[in-house]
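S.K.: Requesting a structural model of the entry that follows:
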Amino acid sequence: MTLKQTINIKLQQKMVLTPSLQQAIKLLQMTRSELEEELSLELERNPLLEDDSLPSDREDEFLAPSKYEESEQKESSPEEIFGDKIDVEAYFEDYFETTQKYKGLSYEFSEEGGFEENLATKSETLAEHLLWQVRMTNFSPEEMRIAELIVGNIRNDGYLDEDLFKIAEEAKCSFHLAEKVLFEIQKMDPVGVGARSLRECLLAQLEILKPKPLLAIEIVKFHLEELPECSLEQLSNNFNVQIGEVEEAVRLIKNLDPKPGLLYSYVPNYAIIPDVIVEKIGNEYRVRLNDEGLPKLKLNRYYKLLLEKGGFENSPETVVYLKEKLRSALTFLKSVEERHKTVYNVACQLVEIQKDFLENGPAFLKPLILREISERIGVHESTVSRVVSNKYMLTPRGIISMKDFFATGIQTIEGKDISQQKVKSMIQKLIEEELPEKPLSDQQIVSILKREGILLARRTVAKYREDLKIPPSSRRVKKDRVDKGGSHES
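M.R.: Numbers count the residues shown, from 1 in each chain. This is a model prediction of the structure:
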């Protein structure tokens, strides 16, 4: 047997979970107020960033013609500055396919104020966030009922607090169906919620990544318990792969969230400031991002010029420090821009689909679920959920939660879909026009809706009526008698 050296070309997809990717996801799910605070903090942390809306008085002496002006025509990338490739795009296509997805995209920022902040407060629990997503899926009525039971048994840290067999028994369904619904919930935001173990939680987060990190999945499946003590060499031998691949897989696993529910365990009240402003110009709606009051971050030219002019030749430690800060600044700026683009994309789709709602009110809200938006802009449903969570639009109809642009559909006898909100509006109108002495019962409302081609169970009508905060017919007739001063019976 002879040994010889050969050169082999190996093409492979690599999954790299870097801090920049975590940062992008973190920024995406921030509220408008939280984003403003984060931008201000980053300005304090990183001297290579500055607020473009503030004057700078330190760079004048460096503005003579130089190679800086020549390079200003083309924005430097991290690869050009540091000479090494940062594998960002290959990891999370939802956020970083900028050269394809956003090519030619123009999105606008608001440059004028004049709107009143809505001082209402908002605080969404984990259960509320999950139930909203459940109602935005294609679950059957039975699956919806099972999902609501499962969500009701999820702890604040995101783990299922009840045996799934007992939940299936209570729901009077098979264990297989209950588990199928559970797996769908685990794909929702925050991904991994509803897991029955740490292993299941981490696997749910790994399974949705593209491309699938097969080595990381195998390590979590078979070596999770011994991972803290197991050496990289051991894992490399066990899976017959190079140690570098093991390092990447372990790094990916360490960056997963072991308690995804804690993100919603405490959500403070805050004044509602819209992320998006929608204006009607003629017959069209214009969408723009609201950046009023946000720091306008850019690279600090003073330090960048010093680096390029060799202003720290006698201090190599300073050069290393500033280069690291420059890398961090570029990454942060890219993450902020990706947030802007993703929010803008989703907002444009919502306005386009729900134009009738903006024109005529809630009764004209079209059925719309998360999947439709995710397919239109090419991202995962959980990404859309992150975008619309705790974000608002200022529209001609007032400040509206981005979640309120979604509605589950109800199929008519003719096979057409109408929104749940439209049916509620019909019920409200029927009750408003009923005879005071003969208020409509829920069953009578069922019969009237049936004549309109809408089939609903009596309990569904009762639920919609309760959502509208309308009392049952027996209490409505009593209220009428009291109002007329005839009787004060309870």
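S.K.: Isn't Ile448 up against Leu430?
M.R.: Yes: between Ile448 and Leu430 a contact is recorded at 6.2 Å, counting by Cβ atoms under 8 Å. To be clear about C-beta, it is placed using only N, CA and C from the backbone, and glycine gets the same treatment.
S.K.: which residues are in contact with both of these two?
M.R.: Listed as contacting both Ile448 and Leu430 by Cβ atoms under 8 Å, 6 or more residues apart in numbering are Leu440.
S.K.: remind me which residues of this protein are low pLDDT?
M.R.: When residues are selected by pLDDT under 70, those of the chain lie in 1-20, 54-123, 265-270, 309-314, 478-490.
S.K.: which residues of the stretch 151-300 of the chain fall in helices?
M.R.: Using DSSP state H, counting those that start in this stretch, the helices of the stretch 151-300 of the chain run over residues 164-171, 175-186, 198-207, 214-223, 232-239, 243-254.
S.K.: Tell me which of those lies nearest to Ala407.
M.R.: Checking the helices of the stretch 151-300 of the chain against Ala407 by Cβ to Cβ gives helix 175-186 as the closest, at 19.7 Å.
S.K.: Would you pull up how far that closest one lies from the middle of the chain?
M.R.: 22 Å (Cα atoms, centre = their mean, to the nearest Å).
S.K.: Dump the C-alpha coordinates for it into PDB.
M.R.: Included here for helix 175-186 are C-alpha records, laid out as PDB according to Å, rounded to 0.1, in the frame of the first residue of the first chain:
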ATOM      1  CA  PHE A 175     -51.900  10.800  21.000                       C
ATOM      2  CA  HIS A 176     -50.600  10.900  17.400                       C
ATOM      3  CA  LEU A 177     -52.800  13.900  16.600                       C
ATOM      4  CA  ALA A 178     -51.900  15.700  19.800                       C
ATOM      5  CA  GLU A 179     -48.200  15.200  19.000                       C
ATOM      6  CA  LYS A 180     -48.700  16.400  15.500                       C
ATOM      7  CA  VAL A 181     -50.200  19.600  16.800                       C
ATOM      8  CA  LEU A 182     -47.400  20.000  19.400                       C
ATOM      9  CA  PHE A 183     -44.700  19.800  16.700                       C
ATOM     10  CA  GLU A 184     -46.500  22.600  14.800                       C
ATOM     11  CA  ILE A 185     -46.500  24.700  17.900                       C
ATOM     12  CA  GLN A 186     -42.800  24.100  18.400                       C
END
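S.K.: Just the buried residues of it, please?
M.R.: 178-179, 181-182, 184-186 (16 or more other Cβ atoms under 10 Å).
S.K.: And these, which is closest to Leu49?
M.R.: The closest of the buried residues of helix 175-186, once distances to Leu49 are taken by Cβ to Cβ, is Gln186, at 37.4 Å.
S.K.: which residues sit in contact with the nearest residue to that closest one once chain neighbours are set aside?
M.R.: Spatial nearest neighbour of Gln186, chain neighbours left out: Ala204 (4.2 Å); criterion: Cβ to Cβ, 6 or more residues apart in numbering. The contact partners of Ala204, taken as Cβ under 8 Å, 6+ apart, are 183, 186-187, 191-192, 195.
S.K.: May I see those organised as a markdown table, with distance to Ala168 added?
M.R.: Converted to a markdown table, the contacts of Ala204 look like this (distance: Cβ to Cβ, whole Å):
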| residue | distance to Ala168 |
| --- | --- |
| Phe183 | 14 |
| Gln186 | 16 |
| Lys187 | 20 |
| Val191 | 23 |
| Gly192 | 21 |
| Ala195 | 17 |
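S.K.: and which of these is nearest Ser389?
M.R.: Val191 (13.3 Å).
S.K.: can you tell me which residues contact the closest one?
M.R.: So Val191 contacts 204-205, 208, 260, 382 (Cβ under 8 Å, 6+ apart).
S.K.: and it, how far is that from Leu333?
M.R.: 26 Å (Cβ to Cβ, to the nearest Å).
S.K.: cool, and Cys348?
M.R.: 23 Å.
S.K.: For the two, indicate the residue with more neighbours.
M.R.: Cys348 (19 against 16; other Cβ atoms under 10 Å).
S.K.: Which parts of the host helix or strand of that one count as buried, going by neighbours?
M.R.: If you go by DSSP states H and E, Cys348 is part of helix 316-353. Neighbour counts over helix 316-353 (16+ other Cβ under 10 Å) mark 319, 322, 325-351, 353 as buried.
S.K.: Repeat that for stretch 258-266.
M.R.: Result for stretch 258-266 [16+ other Cβ under 10 Å]: buried residues 259-261, 263-264.
S.K.: can you redo those as TSV with distance to Ile146?
M.R.: Formatted as TSV, those follow (distance: Cβ to Cβ, whole Å):
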residue	distance to Ile146
Lys259	24
Pro260	21
Gly261	19
Leu263	24
Tyr264	21
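S.K.: so how far is Leu430 from the residue nearest to the spatial centre of the chain?
M.R.: Nearest to the mean C-alpha position of the chain, counting by Cα atoms, centre = their mean, stands Arg386 at 0.9 Å. Here the criterion is Cβ to Cβ. By it, Arg386 lies 38 Å from Leu430.
S.K.: Same check on Lys180?
M.R.: Taking Cβ to Cβ, one finds Lys180 at 38 Å from Leu430.
S.K.: Gln349 too?
M.R.: From Gln349 to Leu430 the distance is 33 Å (Cβ to Cβ).
S.K.: and if you look at Asn360?
M.R.: 19 Å.
S.K.: For those two, work out which one has more neighbours and name it.
M.R.: Leu430 (15 against 11).
S.K.: SS state for Gln411?
M.R.: Taken by DSSP: H, G, I helix; E, B strand; the rest coil, the conformation at Gln411 corresponds to strand.
S.K.: Now do the contacts for it.
M.R.: Here Gln411 is in contact with Asp417 (criterion: Cβ under 8 Å, 6+ apart).
S.K.: What's opposite it in the beta bridge?
M.R.: Judged by DSSP bridges, the bridge partners of Gln411 are Asp417.
S.K.: which residues touch Leu294?
M.R.: By Cβ under 8 Å, 6+ apart, the contact set of Leu294 is 35-36, 39.
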